[in-house]
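>>> Got a predicted structure plus its sequence, pasted below:
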Amino acid sequence: MGGLEGLAALVTGGGSIANRPRQALSSTTTSSTHYRKQPKRLTPSAYLAPGSDPSVLPGPVLIADKSNNRLIEVSPTGNVLWEFPRPGDLAPGQTFRVPDDAFYTPDGKQIIATQEDDFAVTLIDVATHRIVWRYGTPGQSGAGPNQLWNPDDAIMLRDGRIVLADIKNCRLVWLTTGAHTPVQQLGRTYYCHHRPPARFASPNGAFPVPGGGIVVTEITHDWITELAPDGTVLWQTHAPGVGYPSDTNQIGPDRYLTVDVAHPGKIVAFDHTGRLLWEFRPTGRDTLDRPTLAEALPNGDILATDDDNNRVIVVDPRTNRIVWQYGHTGVDGRAPGYLSDPDGGDLAPPHSLISRVQSAG
């Protein structure tokens, strides 16, 4: 995956959205169902925060707009390209509530959405806007077949299995579409202690890394652990200066990114020893309010969901400035340009998280 070169030498600090010279995109991308070419020079719409630079993004952004009970895909210029569910998308009796994470599948044709507070994981076909599979019983927590208890960050791997962290069951599970019992589990259900791979303490992320392993985030006592494909612990550490880590993922050789779900919140990059490489902890009107996810873009910028500020942002780590923003800071809503507790997101293929892991592995 793309790294942040010279990250340790960057100067930390805050800053509002910067007016930077726009750069032509080296490649243009939309999701597999849109096939729209973006112009080389992009003009931001009125739906972006003033000063936003669309050229920092390689393509659209998928957003899990949690409290609006929807997924949307937003272009770099700030226009909504795709939305689920639209009126009529759900079959009689189906619901789609509080999606807090969403990632494209390896082929880019489907989206796997996690509904943590509704205890379900849902697979959606992008072209037809239909739910094609679901694991978990919406509204009912548990640990038996077809049951989850606050699942988080379900991601489909290249072999078709879906890995996720089942927070309150204190386990990692691997699922297959069409089935309603896990095909694999690490951690003993209800035994919430840090002793990987036999025990996990409230894991809230299990992100794939190149080579077939996963990096696991545990809320209790701030543990980050990388597991080999066979479950062997490769290393474990604490995210530096973080009290409530979320969604740790690898962004380069021995470089990992996590967020602190706090107010004020922060985004940090670190190595496997827990050494701090970079930190974004702005103050004033740019203060982060319980962010939950940060990912690296191909150009080295950082995409992040700033949940309680109702915005998705891009941060330039060279200047520590917000250079793109969708959503009105501190104001929730559903109209174009507004979000309500956006909790997760992904880049459209071929820049999606799983695509980048595959290309690096």
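Yep, it's here. Numbers count the residues shown, from 1 in each chain.
>>> so what's Pro342 up against?
Ile63, Ala64, Asp65, Lys66, Thr305, Asp306, Asp307, Asn310, Arg311, Val312, Gly327 (Cβ atoms under 8 Å, 6 or more residues apart in numbering). Every C-beta, even on glycine, is put in place using the N, C-alpha and C of the backbone.
>>> could I get those as CSV with pLDDT and neighbour count?
CSV is the format used below for those (pLDDT from 0 to 100; neighbours: other Cβ atoms under 10 Å):
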residue, pLDDT, neighbour count
Ile63, 98, 25
Ala64, 98, 29
Asp65, 98, 29
Lys66, 98, 26
Thr305, 98, 32
Asp306, 98, 28
Asp307, 98, 27
Asn310, 98, 24
Arg311, 98, 25
Val312, 98, 25
Gly327, 98, 27
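>>> Kindly reformat those as a markdown table containing secondary structure.
A markdown table is the format used below for these (DSSP: H, G, I helix; E, B strand; the rest coil):
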| residue | secondary structure |
| --- | --- |
| Ile63 | strand |
| Ala64 | strand |
| Asp65 | strand |
| Lys66 | helix |
| Thr305 | strand |
| Asp306 | strand |
| Asp307 | helix |
| Asn310 | coil |
| Arg311 | strand |
| Val312 | strand |
| Gly327 | coil |
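>>> List the residues that contact the residue nearest to Gln140 when sequence neighbours are not counted.
Excluding the flanking residues, the one nearest Gln140 by Cβ to Cβ, 6 or more residues apart in numbering is Phe119, at 6.1 Å. Applying Cβ under 8 Å, 6+ apart to Phe119 gives the contacts Gly136, Thr137, Pro138, Gly139, Gln140, Ser141, Gly142, Gln147, Leu148, Trp149, Asn150, Pro151.
>>> Most neighbours among those, please name it.
When neighbours are counted by other Cβ atoms under 10 Å, Leu148 leads the contacts of Phe119 with 31 neighbours.
>>> what about the residue lying closest to Val173 once chain neighbours are set aside, distance to Gly333?
Distances taken as Cβ to Cβ, 6+ apart put Pro182 closest to Val173, at 4.2 Å, once the chain neighbours are dropped. The gap separating Pro182 from Gly333 is 38 Å, by Cβ to Cβ, to the nearest Å.
>>> how about the residue nearest to Ile302 when sequence neighbours are not counted, what does it touch?
Excluding the flanking residues, the one nearest Ile302 by Cβ to Cβ, 6+ apart is Val315, at 4.5 Å. Counting by Cβ under 8 Å, 6+ apart, Val315 touches Ile267, Phe280, Asp301, Ile302, Ala304, Arg321, Ile322, Val323.
>>> From what I see, Asn320 and Pro282 are in contact.
Yes - between Asn320 and Pro282 there is a contact under Cβ atoms under 8 Å: 7.4 Å.
>>> Dump the contacts of Pro342 to CSV, plus distance to Ile111.
Shown next, in CSV, are the contacts of Pro342 (distance: Cβ to Cβ, whole Å):
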residue, distance to Ile111
Ile63, 11
Ala64, 9
Asp65, 13
Lys66, 15
Thr305, 16
Asp306, 22
Asp307, 19
Asn310, 22
Arg311, 21
Val312, 16
Gly327, 20
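>>> Which single one of these is nearest to Leu297?
Closest approach to Leu297 among those (Cβ to Cβ): Val312, at 12.4 Å.
>>> so where's this protein uncertain?
1-41 (pLDDT under 70).
>>> Any idea how far apart the tips of stretch 124-135 sit?
End-to-end span of stretch 124-135 (Cα to Cα, to the nearest Å): 12 Å.
>>> What are the boundaries of the helices in this protein?
353-360 (DSSP state H).
>>> need the contact list for the residue lying closest to Val80 once chain neighbours are set aside.
Spatially, and ignoring its direct neighbours in sequence, Val80 is nearest to Ile72 (5.2 Å; Cβ to Cβ, 6+ apart). Counting by Cβ under 8 Å, 6+ apart, Ile72 makes contact with Leu62, Ile63, Asp65, Val80, Trp82, Glu83, Phe84.
>>> Return the closest of those with respect to Arg171.
Among the contacts of Ile72, Leu62 lies closest to Arg171 (Cβ to Cβ), at 26.6 Å.
>>> who's that closest one bridged to?
Judged by DSSP bridges, the bridge partners of Leu62 are Glu73, Asp346.
>>> Can you tell me how far it is from Gly160?
Distance of Leu62 to Gly160, given as Cβ to Cβ: 20 Å.
>>> what do you get for Val323?
From Val323 across to Gly160, the span is 36 Å (Cβ to Cβ).
>>> Which of these two has more residues huddled nearby?
The neighbour count for Val323 versus Gly160, taken as other Cβ under 10 Å, is higher for Val323 (23 against 12).
>>> more neighbours, Pro182 and Gly333?
Neighbour count, other Cβ under 10 Å: between Pro182 and Gly333, Pro182 has more, with 19 against 13.
>>> For that one, give me its contacts.
Residues near Pro182 by Cβ under 8 Å, 6+ apart: Val173, Trp174, Leu175.
>>> Please apply the same query to Val173.
Applying Cβ under 8 Å, 6+ apart to Val173 gives the contacts Leu148, Val163, Leu164, Asp166, Pro182, Gln184, Gln185.
>>> Share the number of residues neighbouring the fourth one, please.
So the one you mean is Asp166. By the criterion of other Cβ under 10 Å, Asp166 has 30 neighbours.
>>> give me the beta-bridge partners of it?
Here Asp166, judged by DSSP bridges, has bridge partners Pro151, Arg171.
>>> Looks like it contacts Trp149 (just checking).
Yes - using Cβ under 8 Å, Asp166 is in contact with Trp149, at 6.2 Å.
>>> what residues are shared contacts of the two?
Residues touching both Asp166 and Trp149 by Cβ under 8 Å, 6+ apart: Ala143.
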